[in-house]
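# build the 3D model from these lines:
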Amino acid sequence: MFVVKIDRPSFEPFPFDAVGRDIKDSYTGDGIADGYGFRYPGSKPGSLFVISSDLLAFVWQETKNVITLQRLNLAEILKMGLGSCVPPLSPTNNFTYMKRSFGNVFTESSTDI
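The predicted structure is shown next:
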């Protein structure tokens, strides 16, 4: 997941070879990066690049990890009948967060010998 600020353009260059592709827009933001075993996630700065009208890429500044997203034409999918096999989710007022805590397996002593 990431959050970008569309009022703040990013001046970072696209960090990979993009020959033949024009980057239309880029915005600064923060993306959630995994922590140890996805247990301690944190927000890290990055940039969202709009490559075309239906292709986006979020790149974390420090690690240069990339997540790519492609926009789908939902009306077209529903016309083809592909969207009817997945039932809609019920609306929620808020996100649900995991409430179980985990221990660090590398700091626990082992009794197996």
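# hang on, E76 in a helix?
Yes - counting by DSSP: H, G, I helix; E, B strand; the rest coil, E76 falls inside a helix.
# going forward can the numbers begin at 333, since that is how I track them
Okay, residue one is now 333; in that scheme the one you just asked about reads as E408.
# that one: neighbouring residues, count only.
Other residues near E408 come to 10 when the count uses other C-beta atoms under 10 Å. The way it works is simple: take the backbone N, C-alpha and C, and place the C-beta from them, glycine included.
# please apply the same query to G378.
Counted with other C-beta under 10 Å, G378 comes out at 27.
# which parts of stretch 347-361 are buried?
Under the neighbour-count criterion of 16 or more other C-beta atoms under 10 Å, stretch 347-361 has S358, Y359, T360, G361 buried.
# need the pLDDT of V351.
Note for V351: predicted pLDDT of 67.
# same deal with L380?
On the pLDDT scale, L380 gets 91.
# do the same with F438
Note on F438: pLDDT of 56.
# Y368 too?
So Y368 comes in at 63 (pLDDT).
# what's the separation between the closest residue in space to D386 that isn't next to it in sequence and K376?
The shortest distance from D386 to any non-neighbouring residue, by C-beta to C-beta, 6 or more residues apart in numbering, is to R403 (4.3 Å). Separation of R403 from K376 (C-beta to C-beta, to the nearest Å): 24 Å.
# in terms of neighbours, single out the busier of those two.
Neighbours were counted for R403 and for K376 using other C-beta under 10 Å; K376 has more, 15 against 10.
# surely the more buried one meets T360?
No - the pair K376 / T360 is not scored as a contact, 12.0 Å apart, by C-beta atoms under 8 Å.
# partner strands of the longest strand along the chain, with direction?
With secondary structure taken from DSSP state E, the chain has its longest strand at strand 374-384. The pairing partners recorded for strand 374-384 under DSSP bridges are strand 357-365 (antiparallel), strand 387-392 (antiparallel).
# among those, which is nearest A407?
A407 lies closest to strand 387-392 among the strands paired with strand 374-384, at 19.0 Å (C-beta to C-beta).
# now do the buried residues in the closest one.
By neighbour count on 16+ other C-beta under 10 Å, the buried set for strand 387-392 is L388, A389, F390, V391, W392.
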